[in-house]
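>>> sequence and predicted model, in that order:
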Amino acid sequence: MVASALAAGVDRRAARAPPRSSLAWVIAIAGLAAAGTSCALALMSEIAAELGEPLVIAMLTVWLTLSYVLCGLFAWWRRPASGFGRLMIAAGFATFGSTLSMASSDVPFTIGQALDLLPPVLFLHVFLAFPDGRLRGRVVRMLVASSYVAAIGLELVRMSFGEFGPHNLLAVQAKPGLSDAALKIQLTMISVFCLTGIAVLVARRWRAGRPLRRSIAVLVDAFAFGLVMIAFLLVSAAFGGPWVPQIRWGTFAALALAPLVFLVGLLRARLARSALGDLVVELRADLAPSDLRDALARALRDPSVELAYWLPEFATYADVDGRPLDIADLGRGRATTLIDRKEEHVAALLHDPSLQDEPELLGAVTAAAGIAVENGRLEAELRARLEELRGSRARVIDAGQKERQRLERNLHDGAQQRLIALSLELSLLEQRLGGDSEATTRLDQARREIALTLEELRDVARGIHPAVLSGHGLEVALESIAARASVPVRLTVELDGRMEERLEVVAYYVVSESLVNIAKHARATRATVDIAREDGQIVVEVVDDGIGGADTERGSGLRGLADRVEALGGRLRIWTPRGGGTRIKAEIPCV
Amino acid sequence: MRVAIAEDSVLLREGVARLLGEAEMDVVAQCGNAEELLSNIRSHPVDVAIVDIRLPPTHSDEGLRAALEIRSRQPEVGVLVLSQYVELGLAMKLLADSADGVGYLLKDRISDVKEFIAAVQRVAAGGSAIDPIIVSTLLSRRRTDDPLEQLTPREREVLDLMAQGNSNQGIADKLVITLRAVEKYVSSIFTKLRLPSTGTESRRVLAVLLFLRN
């Protein structure tokens, strides 16, 4: 339930599309036209001339309009999920609107004048809405709404009192005293709202209670102090104050550079590429689950990151150690991003909400984390399967071993005993016959046949299961093999007592098969067989001085040996350089 | 001559008993397992005990353990171990430090009645009977600088029979040569292999087997 609700939230965010290109072009061209218009107005305006530097004013208006519109457009395109780009575009056009007050015809002038104090309020709005374009909290929304009322509403009131010269279409009745009072109230209110805005920003940072995640946020915050300058400027304009021209230029500079700062702040994710690269490199290495969280924290530059694994069979989240986690509780005041792989939910990432402003970074990191988590899960699953497989392989071999033992026993107790008894019977019969030489010869012949049959049966039985091994252990069983080998064999067995039978059987086959190979292929002059118990394992080593270059895959039976050894969790290694002899080493763990 | 038999196959046990009976030996105990045999010969000592190496309950090494126990507790009792496989390692375990009154034969050998009776008698008399397979395994063993290469084919035959526990007279009978000739071969073999000459035949067996084993 929680997971699907969260997933829906994530989907809704992702559904926001960037502006269509036609719309983007219209906005850009409108922005250019607006900038051109305000430039022309500024150059012709008397007010600009009064302020000194008409060219500077013109450039400034062009810059403010264009930079907000174009930066806003770019931000909208890159961050469609955030309303901030659209807000910046609006701010750009509002700036243009306010420059209309420099026009000499009635309608544009009236509109421009009505919007005259809109820019500082928009500035406040933009800062409070950074970075996602939304105003959080009722107080903040009230603050911004009141600012708009003060900037536009009171302006309209003042215009109705007949200020602002002949082009003011809204003039109703000239009341200079009241207008002056309204101006003071208006400017004071906006100043207070700006300072309140600063207080809100400071409080927000304070509440976050963590070291600033991004240095760029510091820069944005620094520019927010432009709001203080606006407040000062407005109060100075209303009541008179020192350093007005310097502060005015400072304010203009802050306002002019702000769009770039916002843009950089918004697109910060691009700069996080290298961090992401580091993460991918770290994930490629064999990463322990607890290190995964740290790696993610580093890549996201958010030390508070927590990773909760989704356990489908329990329908709950758990931490690395499998302890259940309540992410509804943990996620309070933090954002949750779900990590899915192949349409399956695998984990959730709890992180600082501000990371949602960097969807690319978050997306890339969660994708990488998804792979890592899935890898970890697959590895665990694979390990479990391997363990199961090893167990079942050992069981199959054990069962085969028991079956072979049973067969050998049956042969021994049945056919072989009967044949011996039969042969004995024939002998006794032969003795009774006394001198009948023909009968004696035929009985002898029959006994020889039985002897041959017994010999063959013995070979078969030994092939099925070396009974001497079960009865008397490895050393006794190997002594005959070594003595019958095709080359002189030095046999060293250093074991204290018997081992588990299946270990003995594997060790026996490693030696016997190796000696058969030596006889068939090695062209050796001697061989050594060493068997010892070392560090909890049985080590069987067969070395010859032959031609080496043994075929380890086909024909030699070495593959089958390796299978037997591996079934017991051991390993078989073969060194067989051409011309350098062959060394076969089996290491089998003994419990 | 008093004989005890331990063999879990009734068919074979009775066959062997009959065989020995016909050779006028006195089979005083027929046992189905090792414990029965041990308690029997402890109370009624015998000249020789014929023991199957695979006996109940586990059919692994009960027979061998019984044989070794008899050899250490009642050295005067000869032990002839029978098995469906003969293993060099077991032969050496059984002989340990003496070949006196010990035999180790493939079970098939019982059907060669004359030879088998001779082996039983030899073991009962404190001699030894080592299966030809053991000896041939040892003789055919590959060695570097093989001292056996110095032996003539005849000397090898004599060595083979000697290692099986045959007396000089036994060897002479088998090879149809004179006792004197056998003695000559034996002394030549000992010289060539640089073995010190030993007193009894069973000591000679042990010395030769140990020599061949190394």
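Arrived safely, thanks for sending. Numbering: from 1, shown residues only, chains lettered A, B, ... in the order given.
>>> grab the most central residue of chain A for me.
A:Ala369 (1.3 Å; C-alpha atoms, centre = their mean).
>>> from memory that one sits against A:Arg293, does it?
No - A:Ala369 lies out of contact with A:Arg293 (C-beta atoms under 8 Å); the separation is 9.2 Å. For every residue, glycine as well, the C-beta is placed using N, CA and C.
>>> which residues are common contacts for those two?
A:Leu307 (C-beta atoms under 8 Å, 6 or more residues apart in numbering or on different chains).
>>> give me the three-state assignment for the nearest residue to A:Tyr148 once chain neighbours are set aside.
Excluding its sequence neighbours, the residue lying closest to A:Tyr148 (C-beta to C-beta, 6 or more residues apart in numbering or on different chains) is A:Val121, at 5.7 Å. Secondary structure assignment for A:Val121 (DSSP: H, G, I helix; E, B strand; the rest coil): helix.
>>> A:Val121 and A:Ala145 touch, don't they?
No - in this structure, A:Val121 is not within contact of A:Ala145 by C-beta under 8 Å, at 10.0 Å.
>>> next to chain B, which bits of the stretch 351-500 of chain A? Give me the list.
With the criterion set to C-beta under 8 Å from any C-beta of the partner chain, the stretch 351-500 of chain A comes near chain B through A:409, A:412-413, A:416-418, A:420-421, A:423-428, A:430-431, A:447, A:450-451, A:454, A:458, A:461-462, A:467-468, A:470-472, A:475-480, A:483-488.
>>> could you redo the last one with a cut-off of 6 Å?
A:412, A:416-417, A:420-421, A:423-424, A:427, A:447, A:451, A:454, A:468, A:470-472, A:476, A:479-480, A:483-484, A:487-488 (C-beta under 6 Å from any C-beta of the partner chain).
>>> can you map out the strands along the stretch 201-350 of chain A?
When assigned using DSSP state E, counting those that start in this stretch, the strands of the stretch 201-350 of chain A occupy the ranges A:306-311, A:316-318, A:324-325, A:335-341, A:344-351.
>>> in CSV, list these along with mean pLDDT.
As requested, these are arranged in CSV below (pLDDT from 0 to 100):
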stretch, mean pLDDT
strand A:306-311, 82
strand A:316-318, 81
strand A:324-325, 78
strand A:335-341, 83
strand A:344-351, 84
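>>> make TSV out of these and add mean neighbour count.
Putting the strands of the stretch 201-350 of chain A into TSV (neighbours: other C-beta atoms under 10 Å in any protein chain shown) gives the following:
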stretch	mean neighbour count
strand A:306-311	20
strand A:316-318	18
strand A:324-325	14
strand A:335-341	20
strand A:344-351	21
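>>> higher neighbour count, A:Val121 and A:Ala145?
A:Val121 (25 against 12; other C-beta atoms under 10 Å in any protein chain shown).
>>> so that one sits against A:Ser147, correct?
Yes - using C-beta atoms under 6 Å, A:Val121 is in contact with A:Ser147, at 4.3 Å.
>>> centre of the chain versus whichever strand or helix holds A:Ile57, how much separation?
A:Ile57 is part of helix A:54-78 when elements are defined by DSSP states H and E. Distance, stretch centre to chain centre, for helix A:54-78: 39 Å (C-alpha atoms, centre = their mean, to the nearest Å).
>>> do the same with stretch A:488-495
The answer for stretch A:488-495 is 54 Å, by C-alpha atoms, centre = their mean.
>>> in that stretch, which residues are buried?
A:488-489, A:491, A:493, A:495 (16 or more other C-beta atoms under 10 Å in any protein chain shown).
>>> for chain B, what are the nearby residues on chain A?
A:412, A:416-417, A:420-421, A:423-424, A:427, A:447, A:451, A:454, A:468, A:470-472, A:476, A:479-480, A:483-484, A:487-488.
>>> repeat that with 7 Å
Counting by C-beta under 7 Å from any C-beta of the partner chain, the positions of chain A adjacent to chain B are A:409, A:412-413, A:416-418, A:420-421, A:423-428, A:431, A:447, A:451, A:454, A:458, A:462, A:467-468, A:470-472, A:475-477, A:479-480, A:483-488, A:526.
>>> now intersect those residues with the helices, please.
Among the residues of chain A next to chain B, the ones falling in helices (DSSP state H) are A:409, A:417-418, A:420-421, A:423-428, A:431, A:447, A:451, A:454, A:458, A:462, A:467-468, A:470-472, A:475-477, A:479-480, A:483-484.
>>> three-state assignment of the residue in chain B sticking out farthest from the centre?
In chain B, counting by C-alpha atoms, centre = their mean, B:Asp145 sits farthest out from the average C-alpha position, at 29.0 Å. Three-state assignment for B:Asp145 (three-state DSSP): coil.
>>> ok, it - contacts?
Contacts for B:Asp145 (C-beta atoms under 7 Å, 6 or more residues apart in numbering or on different chains) come out as none.
>>> tell me the pLDDT of it.
Per-residue pLDDT puts B:Asp145 at 82.
>>> likewise for A:Phe123?
83.
>>> then A:Arg214?
Value for A:Arg214, per-residue pLDDT: 52.
>>> report how many residues lie close to the closest residue to chain B within the stretch 251-400 of chain A.
Going by C-beta to the nearest C-beta, chain B is nearest to A:Asp398 of the stretch 251-400 of chain A, at 17.7 Å. By other C-beta under 10 Å, 15 other residues sit near A:Asp398.
>>> please apply the same query to the one 10 residues further on.
Neighbourhood size, A:Glu408 [other C-beta under 10 Å]: 20.
>>> next, the contact list for the residue nearest to it when sequence neighbours are not counted, please.
Leaving aside its chain neighbours, A:Glu408 sits nearest to A:His465 (4.1 Å; criterion: C-beta to C-beta, 6+ apart). By C-beta under 7 Å, 6+ apart, A:His465 lies in contact with A:404-405, A:408.
>>> where in the stretch 101-250 of chain A is pLDDT low?
Within the stretch 101-250 of chain A, the ranges that satisfy pLDDT under 70 run A:131, A:163, A:207-222.
>>> in PyMOL, select just the buried ones from the residues of chain A next to chain B.
In PyMOL, this line selects whichever of these come out buried by 16+ other C-beta under 10 Å:
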select buried, chain A and resi 409+412+416+417+420+421+423+424+425+426+427+447+451+454+458+462+467+468+470+471+472+475+476+477+479+480+483+484+485+487+488+526
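>>> helix/strand/coil for B:Tyr104?
Relying on three-state DSSP, one would call B:Tyr104 strand.
>>> what bridges to it?
On the basis of DSSP bridges, B:Tyr104 is bridged to B:Val81, B:Ile130.
>>> tally of neighbours for the spatially closest residue to B:Gln164 that is not a sequence neighbour?
Excluding the flanking residues, the one nearest B:Gln164 by C-beta to C-beta, 6+ apart is B:Ile130, at 5.0 Å. Residues near B:Ile130, counting by other C-beta under 10 Å, number 27.
>>> try the one 4 residues further on
When neighbours are counted by other C-beta under 10 Å, B:Ile134 registers 25.
>>> ditto for B:Ile133
20.
>>> same question, A:Ile57
Neighbours of A:Ile57 (other C-beta under 10 Å): 23.
>>> please apply the same query to A:Pro303.
12.
>>> quick one: contacts for it?
Counted by C-beta under 7 Å, 6+ apart, A:Pro303 has contacts A:Ala297.
>>> report pLDDT for it.
77.
>>> could you check how far the closest residue to chain B within the stretch 301-450 of chain A is from A:Leu433?
In the stretch 301-450 of chain A, the residue that lies nearest chain B is A:Ser423 (3.6 Å; C-beta to the nearest C-beta). A:Ser423 is 16 Å from A:Leu433, where distance means C-beta to C-beta, to the nearest Å.
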